[in-house]
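Participant: From the sequence below, what's the structure:
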Amino acid sequence: MSTRIAFLKGHGTENDFVIVPDPENALDLSPAAVAALCDRRAGIGGDGVLHVVRSAAHPETRSMAPEAEWFMDYRNGDGSVAEMCGNGVRVFARYLQHAGHVGEGDLAIATRGGVKTVHLAKDGDITVGMGRARLPEGEVTVSVGEHNWPARNVNMGNPHAVAFVDDLAHAGNLYSAPPVSPADAYPHGVNVEFVVDRGPRHVAMRVHERGSGETRSCGTGACAVAVATARRDGADPAVTGTPATYTVDLPGGRLVITERPDGEIEMTGPAVIVAEGEIDGEWLENAVN
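Facilitator: From the prediction side, this is the model:
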């Protein structure tokens, strides 16, 4: 690795990320390196890493390059690879704006969950087209201690189990992944959301993100929660022809989620760059070894 590596730190509703610009995909960010960077005591600290690469420079996304110049090579805090991160996309877009690569308006970002459309508004909020939700069949149960809840299986390009509870405290500390059954429902792990009602089309949630533990916010999780809540409430925009909009409160802030009649889900919320600097390459090499 080079002696010094540029980085930035950003967050979206307090879901925080280490941003590593690497347009030509020259850095070897191993799982151990990502985990070291995300370590909150011995590293920079973050829920994940946003590796900023031109789509044409990465073997996974060369085919997306004509549609989206930039690829969000997202990694969870433990170094594992993830398909998508909704808050991460907003912070990724804010970085591209901060670096002068894009301005206000629309852009496309490549992810492992497909190409996402993004709008940077003049008021500072960022809206991300999150794609369509899939609702796999089959019953799922989430457990914490002696509590068990039926959960809705929602896939937003990554898997979610959404459980409606009476009190968010019932989710426990969420340091470790809540057991979900049947185990074969999520062969690669799952994000688990616990949800309470706050008012008409207004809910609050806590989330355990696979590979990261409890986080202050989860964009795909908020989308999964909005869809699951809409179906619980008997709302299906594809049937009614009317968009369904839900306000979702998370520990780190508020997101507004709209499901359109065509199935597309839009997430709107803030994204902030808070710092930038350099990683000591020697430290990172030692941390990995």
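
Participant: And the strands in the stretch 1-150 of the chain, which stretches?
Facilitator: For the stretch 1-150 of the chain, strands defined by DSSP state E, counting those that start in this stretch occupy the ranges 4-12, 15-21, 48-54, 70-76, 105-111, 114-120, 126-132, 140-144, 147-155.

Participant: Please identify the pairing partners of the fifth one and their relative orientation?
Facilitator: Here strand 105-111 is paired, per DSSP bridges, with strand 70-76 (parallel), strand 114-120 (antiparallel).

Participant: any chance of these in CSV, with mean neighbour count too?
Facilitator: The way it works is simple: take the backbone N, C-alpha and C, and place the C-beta from them, glycine included. Below are the strands paired with strand 105-111 laid out as CSV (neighbours: other Cβ atoms under 10 Å):
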stretch, mean neighbour count
strand 70-76, 25
strand 114-120, 19
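
Participant: okay if I get the ones you listed as CSV plus distance to residue 218?
Facilitator: Below are the strands paired with strand 105-111 laid out as CSV (distance: least, Cβ to Cβ, whole Å):
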stretch, distance to residue 218
strand 70-76, 11
strand 114-120, 16
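
Participant: Residue 243 is nearest to which of these?
Facilitator: strand 114-120 (16.0 Å; Cβ to Cβ).

Participant: Next, the angle strand 126-132 makes with that closest one.
Facilitator: 150 degrees (axes from the mean of the first three to the mean of the last three Cα atoms, to 10 degrees).

Participant: ok, residue 102 to residue 254 distance?
Facilitator: 25 Å (Cβ to Cβ, to the nearest Å).

Participant: So which of those two has more stuff around it?
Facilitator: A count of neighbours by other Cβ atoms under 10 Å puts residue 102 above the other of residue 102 and residue 254, at 19 against 16.

Participant: give me every residue that touches that one.
Facilitator: 93, 96, 120 (Cβ atoms under 8 Å, 6 or more residues apart in numbering).

Participant: next one: residue 263
Facilitator: By Cβ under 8 Å, 6+ apart, the contact list for residue 263 reads 132-133, 237-238.

Participant: With residue 278 instead?
Facilitator: 4-7.

Participant: what's the nearest residue to residue 214 if we skip its chain neighbours?
Facilitator: Closest residue to residue 214 apart from its sequence neighbours, by Cβ to Cβ, 6 or more residues apart in numbering: residue 174 at 3.6 Å.

Participant: Hmm, residue 213 and the one you found touching each other?
Facilitator: Yes: here residue 174 reaches residue 213: they are 6.5 Å apart, a contact under Cβ atoms under 8 Å.

Participant: Can you pull the domain assignment for the protein?
Facilitator: Domain segmentation of the chain under automatic domain parsing yields 4-125+271-288, 140-269.
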